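[1] Below are the sequence and a predicted model; questions follow.
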Amino acid sequence: MSDALFAMAPKGKHGYDVDEVDAFFADARQAYEGQSATEMGVDHIHTATFDLVKRGYDITEVDAALDRLESAFIARDRAAFINTHGPDAWMTQLADRARTLYPRLSRPAGERFARPGLLNAGYATADVDALCQRMVAYFDRQQPLTSHEIRTATFGHARGAKAYNEAPVDAFMSRAVEVLLGVE
């Protein structure tokens, strides 16, 4: 039986560096269990990167595990916060976080995020705006939307005026995932 945490990438495909992934998940486990001197939280999970190598771990499997890890950390933080401050304080904090999303969601379609530059590629504005409209429907009219849907959303690529810069969109979507995970 193998000690590998994840399946290996298919033959001929690159995957995540095994040693880097193993070290990250070992650190995450210690941090989650409170056995680490270093803090690890959702931000560390969001920014985790691993080198791509031949015979590395399957990317899809590791990414799915990172999503589960993020959910576990948020659930742990929610339980600790509620234990200390109560459920009403948690909901107030979530409402405050959700309100930080509104200024961008309130902008007109096509104007929600910065452009990547005239010749640079970015996310297609129509795709990003469609997901933003779903978020508005979720917050304003309680239409169904899950953190998983936001987390796994894909956006087409475009250039110039038909594109949004990827970094601010990614940061915004990460914040939205945190808010939704806080109530799921």
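    Nice, thanks for sending it over. Numbering: from 1, shown residues only.

[2] pLDDT of stretch 86-97, averaged?
    If you average the pLDDT over stretch 86-97, you get 88.

[3] How far does it sit from its chain's centre?
    Chain-centre distance of stretch 86-97: 20 Å, with C-alpha atoms, centre = their mean, to the nearest Å.

[4] The residue lying closest to residue 48 once chain neighbours are set aside: which element?
    Among residues not flanking residue 48 along the chain, residue 24 sits closest, at 5.8 Å (C-beta to C-beta, 6 or more residues apart in numbering). C-betas here are computed from N, CA, C, even on glycine. Element membership for residue 24 (DSSP states H and E) is helix 18-32.

[5] Give the next helix or strand downstream of that helix.
    Taking DSSP H and E as the definition, the helix or strand right after helix 18-32 is helix 42-46.

[6] What's the first helix or strand after the helix or strand of the chain with the lowest mean pLDDT?
    Every helix and strand of the chain was ranked by mean pLDDT, DSSP states H and E. The lowest is helix 42-46, at a mean of 79. Helices and strands here follow DSSP H and E; after helix 42-46, the next one along the chain is strand 52-54.

[7] State the mean pLDDT of that next one.
    92.

[8] Spit out the contact partners of the closest residue in space to residue 156 that isn't next to it in sequence.
    With C-beta to C-beta, 6+ apart as the criterion, residue 156 has its nearest non-adjacent residue at 3.9 Å, and that residue is residue 124. Contacts here follow C-beta atoms under 8 Å, 6 or more residues apart in numbering; on that basis residue 124 touches 155, 156, 157, 158, 162, 163, 164.

[9] after the top helix by length along the chain, next one along is what?
    Of all the elements of type helix in the chain, the one with the most residues (DSSP state H) is helix 59-85. Sequence order places helix 87-105 as the next helix or strand after helix 59-85, per DSSP H and E.

[10] Done for today, thanks.
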